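[1] Pasting a predicted model and its sequence here:
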Amino acid sequence: MNDFSSDFTDVTYKVDNGLAWITINRPDRYNAFRARTVDELVKAFKHAWGSNDVGAIALTGAGNKAFCAGGDQKQRMETGDYGPSDSGLFEVEALHRVIRDVTKPVIAAVNGVAVGGGHVLHLLCDLTITTEDAIFGQNGPRVGSFDAGLGTGYLARTIGEKRAREIWFLCRRYTAQQALDWGLVNKIVPADQLTTEVRTWADEILQLSPTTLKILKQSLNADTEHFIAQGAMAISTLKIFGESDEAKEGITAFNEKRTPDFSKYRGN
């Protein structure tokens with residue numbers, strides 16, 4: 001582990017021949033993120049951004065069950081938030097921002113469950129390579145949460161309005177093949193070939209001009225940049241909504257492994 005990440009607990013960072021591997025290391029929680037996880041991810045991405053020995057970045061999850069299951073709902077139930085952070089803020093917007101802003105291509109190596117906030121993370125990566133048994137989908141409306149910025153607008157740009165609304169309004173689970181058919185991922189491989197395939201794609205990227213890749217990424221981002229501001233407003237709303245009885249019913253039901261009862265809130 002590099003010196004800068006020696007105090008990391010939730011994330012690992014390593015560089016292999018120009019490719020930085022950033023791994024969410026909370027397999028016991030299906031690699032769900034708490035505030036500390038987000039802080040460490042932001043630091044890892046920024047370090048890769050500024051490193052001359054890095055030309056491409058891979059984001060993945062530890063173990064073989066999950067890429068990332070989104071925000072840690074057990075933590076949220078225990079403390080009412082996602083735990084302490086360096087700044088005192090839950091920096092998920094900064095994480096979304098740095099994945100888009102880092103001037104090096106980011107490959108999501110999806111090795112299992114990618115739902116909720118984890119689904120948004122893979123969406124924001126430039127490319128997604130997934131295992132055959134990966135599962136995709138949203139969970140926010142089940143647990144009293146949402147991502148009404150990049151997680152909605154950019155998703156609709158990627159797969160179309162009807163499919164984006166289906167993902168959010170039904171909270172179903174989708175297979176890797178469905179994700180590929182919808183244009184949500186780039187390639188499916190057997191689980192034992194994921195690392196090798198990411199390496200192959202990274203090696204092709206590393207042969208290209210880094211300045212042209214930087215400008216191309218910035219150009220591709222420009223059309224959806226306004227979703228950043230929309231997301232900032234959504235985060236403000238989410239903080240207020242998270243304190244409501246309706247949101248609390250979602251998170252309580254999730255942790256009690258039961259179906260939430262939102263019926264009393266339909267007239268709002």
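    Received, thanks.

[2] Next, name the residue at the spatial heart of this structure.
    The centroid of the chain falls nearest to residue 121 when counting by C-alpha atoms, centre = their mean (1.7 Å).

[3] Pretty sure residue 21 sits against residue 61.
    No. If you go by C-beta atoms under 8 Å, residue 21 and residue 61 don't touch, sitting 11.3 Å apart. Heads up, the C-betas are built off the backbone N, CA and C, glycines and all.

[4] quick one: which of these two has more around it?
    It is residue 61, of residue 21 and residue 61, that has more neighbours when counted by other C-beta atoms under 10 Å, with 27 against 21.

[5] got the contact list for that one?
    Residues near residue 61 by C-beta atoms under 8 Å, 6 or more residues apart in numbering: 23-24, 27, 30-31, 67-68, 111-112, 118.

[6] Lowest-scoring secondary structure element of this protein by mean pLDDT?
    Ranked by mean pLDDT, DSSP states H and E, the weakest helix or strand in the chain is helix 73-79, scoring a mean of 82.

[7] Past it, which element shows up next along the chain?
    Using DSSP states H and E, the helix or strand that follows helix 73-79 in sequence is helix 92-101.

[8] would you put the C-alpha positions of that following helix in CSV?
    Presented in CSV, the C-alpha positions along helix 92-101 are these (Å, rounded to 0.1, in the frame of the first residue of the first chain):
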residue,chain,number,x,y,z
VAL,A,92,-20.5,11.9,-1.8
GLU,A,93,-20.9,14.8,-4.1
ALA,A,94,-17.1,15.3,-4.1
LEU,A,95,-16.7,11.6,-4.9
HIS,A,96,-19.0,11.9,-7.9
ARG,A,97,-17.2,15.1,-9.0
VAL,A,98,-13.7,13.6,-8.8
ILE,A,99,-14.7,10.5,-10.8
ARG,A,100,-15.9,12.8,-13.6
ASP,A,101,-13.1,15.4,-13.2
